[in-house]
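In: prediction below, plus the sequence it came from.
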Amino acid sequence: SKMLQASFQRSVERACGYHFGETRRDLAQIQTAVASASAGDEEQRRPVSTALAGALNQETTTPSARRFLCRQLGLLGGEGAVPALAGQLGAEDENTAETAVLALGCIGTPEAVAALEMALPKLPARIQATAASALGSMGEAGVTALADRVSGADPVCVAGAKALGHAGTDQAVKVLLGALQAAPPEQRRLLQDALLKTLGRKNARVSPEPAADACRRLAATELGAARQTALLAAAIRFLPVSESRSLLMRALSSEDQAVREGAVQLGVRAADAELSRAVCGRFDALTETEQIVLLQALKERGDAAFAGVPRQAVGAKAAPVHAAACSALGVLGNSEDVPKLLAAIGLGDGVGEAARRALTRIPGAGVAALIGDALVSTDSANRREILDLLIDRAEAGSVHHYMSVVRDKDRRVREAALRGVGKHGTPAELTELVALLNDEIGDASFRRPFESCTAALCRTFADAGPASAPCLAALPKATVPGRPSILRVLGILAEAE
């Protein structure tokens, strides 16, 4: 409406005198108008854009207001926005000029690209770098504008190369490769980094063929350790397996340990199993640290087809390698690995802990049964470990293993077994526990854990009736030693009948 337009115009006029720290009421009204116009068509944007451009061109507009108006025009675009912003590129206040650069970058039209390209040589050094970055984000036209401005060590060339690396298009790669061919040594690293950034992006914009060409060209240059690893990652992604395998083998033979470790990780994680097998085939030739890296990477890969590598490494003289192998078997192994892991749970230097964790998570049918069977052939300390493993695995079929040692001579073994029964027992174990309470199993202190476990199962299987029902049913036929125990269970349940 005319009233709203008049109100908006008055806000624009007052905003021209805005100084930082003053009330932003008029600025807020302009922001609202810009947001509304941005959602409309050109007819709706034109009056708002024209008003803002006119205010920006006024000589009396303050620097704070100019920066605000530049930002709003960058969001809105529209007729007159680019000429008005281009007029601010030579502003005495560098912050205003830089804001105008960023606003033109937001608009991103061919006219905005042309304005930045024309002004680029005349801008202060700091703002030249901002302009180069903005051009890199403005599509193919912006990339073309930077084509002659990436060969050098000045701030514009540095920013231009980084911007092209961020752009990541086929044209940007072509420009960077062209510059790399003739670049002096001090400039080469910058261009390498820009190319590697393009190739390393998760959602790469570059096409496979230019990407593969870039990998080959980079492989022919001298690269530092970090760049070699980045190149190998790109090569595995874009090159045929035969070529990426060649680069992988070269990296595995490097004198730099960081390069070798990076190659191990990348090779094992590669989608193509041929590369993973190539790395695993060199296991014995790897250093202790590299073997650990390989085993950890295999664990992360989670492919049971590679379980032979950690099986080979279980029992290694180096405890860290042994521990890493045990940990990997927790993911890659199966029931055939249980005996070796059980034999390792009593070892130190982190091996025992790794074996325990592996046994907790190792997949496969029959694993819990094998672990439970070991209860009868080991000492009390290991029996406690095995019971804790079974409890952590939380498999219902293990309950009979708990019950087999509930009368063990070692108190801690009995308590661990009863803890398992309390967590995973069934009504059958509840009946068996009540029968045990009626037996001559020991004195009051011996019986106390049995009574607590019985109470826990009573609560678990109470269903619709009272939790005390099983004990009340057993009370009339209770034995002399069993009656006090059953009464104590009723006391724990705290139910008056």
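Out: Sure thing, it's come through.
In: run through the helices of the stretch 1-150 of the chain in chain order.
Out: Taking DSSP state H, counting those that start in this stretch to define them, one finds helices in the stretch 1-150 of the chain at 2-15, 25-38, 42-57, 63-76, 81-86, 94-107, 110-119, 125-136, 139-146.
In: nearest to Gly465, of those helices?
Out: helix 25-38 (65.4 Å; Cβ to Cβ). Bear in mind the C-beta positions are built from the backbone N, C-alpha and C, glycine included.
In: low-confidence ranges, the stretch 101-250 of the chain, go.
Out: Applying pLDDT under 70 to the stretch 101-250 of the chain flags the ranges 152-153.
In: could you rerun that using 80?
Out: 148-156, 182, 185-186, 203-204 (pLDDT under 80).
In: can you redo the helices of the stretch 1-150 of the chain as JSON lines with distance to Gly281 and mean neighbour count?
Out: Compiled in JSON lines, the helices of the stretch 1-150 of the chain are given as follows (distance: least, Cβ to Cβ, whole Å; neighbours: other Cβ atoms under 10 Å):
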{"stretch": "helix 2-15", "distance to Gly281": "71", "mean neighbour count": "14"}
{"stretch": "helix 25-38", "distance to Gly281": "59", "mean neighbour count": "17"}
{"stretch": "helix 42-57", "distance to Gly281": "64", "mean neighbour count": "18"}
{"stretch": "helix 63-76", "distance to Gly281": "56", "mean neighbour count": "23"}
{"stretch": "helix 81-86", "distance to Gly281": "61", "mean neighbour count": "22"}
{"stretch": "helix 94-107", "distance to Gly281": "50", "mean neighbour count": "22"}
{"stretch": "helix 110-119", "distance to Gly281": "52", "mean neighbour count": "19"}
{"stretch": "helix 125-136", "distance to Gly281": "43", "mean neighbour count": "23"}
{"stretch": "helix 139-146", "distance to Gly281": "43", "mean neighbour count": "20"}
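In: Throw these into JSON lines and include distance to Pro466, thanks.
Out: Shown next, in JSON lines, are those (distance: least, Cβ to Cβ, whole Å):
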{"stretch": "helix 2-15", "distance to Pro466": "74"}
{"stretch": "helix 25-38", "distance to Pro466": "66"}
{"stretch": "helix 42-57", "distance to Pro466": "74"}
{"stretch": "helix 63-76", "distance to Pro466": "70"}
{"stretch": "helix 81-86", "distance to Pro466": "80"}
{"stretch": "helix 94-107", "distance to Pro466": "72"}
{"stretch": "helix 110-119", "distance to Pro466": "80"}
{"stretch": "helix 125-136", "distance to Pro466": "75"}
{"stretch": "helix 139-146", "distance to Pro466": "76"}
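In: which one of those lies closest to Ser377?
Out: That would be helix 125-136 among the helices of the stretch 1-150 of the chain, by Cβ to Cβ, at 68.9 Å.
In: the closest one versus helix 110-119: what angle between them?
Out: 150 degrees (axes from the mean of the first three to the mean of the last three Cα atoms, to 10 degrees).
In: out of the helices of the stretch 1-150 of the chain, which is closest to His424?
Out: Nearest of the helices of the stretch 1-150 of the chain (Cβ to Cβ): helix 25-38, 60.0 Å.
In: tell me which residues are up against the closest one.
Out: 7-8, 11-12, 14-15, 18, 44-45, 48-49, 52, 68, 72, 75-76, 78 (Cβ atoms under 8 Å, 6 or more residues apart in numbering).
In: ok, back up a step: out of the helices of the stretch 1-150 of the chain, flag the one nearest Gly397.
Out: helix 125-136 (62.0 Å).
In: from the chain's centre, how far out does that closest one sit?
Out: 32 Å (Cα atoms, centre = their mean, to the nearest Å).
In: does anything pack onto it? Which helices or strands?
Out: If contacts are counted by 3 or more Cβ pairs under 8 Å, 6 or more residues apart in numbering; DSSP states H and E, helix 125-136 sits against helix 94-107, helix 110-119, helix 139-146, helix 155-167.
In: tell me the confidence at the residue nearest to Gly17 when sequence neighbours are not counted?
Out: Distance criterion Cβ to Cβ, 6 or more residues apart in numbering; nearest residue to Gly17, sequence neighbours excluded, is Thr62 at 6.1 Å. Per-residue pLDDT puts Thr62 at 95.
In: kindly report the same for the one 4 residues further on.
Out: As predicted, Arg66 sits at a pLDDT of 96.
In: ok, Thr229 - how many residues close by?
Out: Burial measure for Thr229: 23 neighbouring residues, criterion other Cβ atoms under 10 Å.
In: in the helix or strand containing it, which residues are buried?
Out: Of the helices and strands defined by DSSP states H and E, Thr229 is found in helix 225-238. Going by neighbour count (16 or more other Cβ atoms under 10 Å), the buried part of helix 225-238 is 225, 227-238.
In: in space, what's closest to Phe238 - neighbours in sequence excluded?
Out: Using Cβ to Cβ, 6+ apart, the closest residue to Phe238 is Ala211 (4.3 Å).
In: contacting residues around the helix or strand harbouring the one you found?
Out: If you go by DSSP H and E, Ala211 is part of helix 208-219. Identification of contacts with helix 208-219 by Cβ under 8 Å, 6+ apart yields 170, 173-174, 176-177, 180-181, 192, 195-196, 198-199, 204, 206, 227, 231, 234-235, 237-239, 243, 247.
In: check the offset of that helix from the chain's centre.
Out: Distance, centroid of helix 208-219 to centroid of chain: 27 Å (Cα atoms, centre = their mean).
In: can you report how many residues lie near Gly364?
Out: Neighbours of Gly364 using other Cβ under 10 Å come to 14.
In: three-state assignment of it?
Out: coil (DSSP: H, G, I helix; E, B strand; the rest coil).
In: for the nearest residue to it once chain neighbours are set aside, give me its contacts.
Out: Sequence neighbours aside, Asn334 is the residue nearest to Gly364 in space, at 3.8 Å (criterion: Cβ to Cβ, 6+ apart). The contact partners of Asn334, taken as Cβ under 8 Å, 6+ apart, are 304, 307, 362-364, 367.
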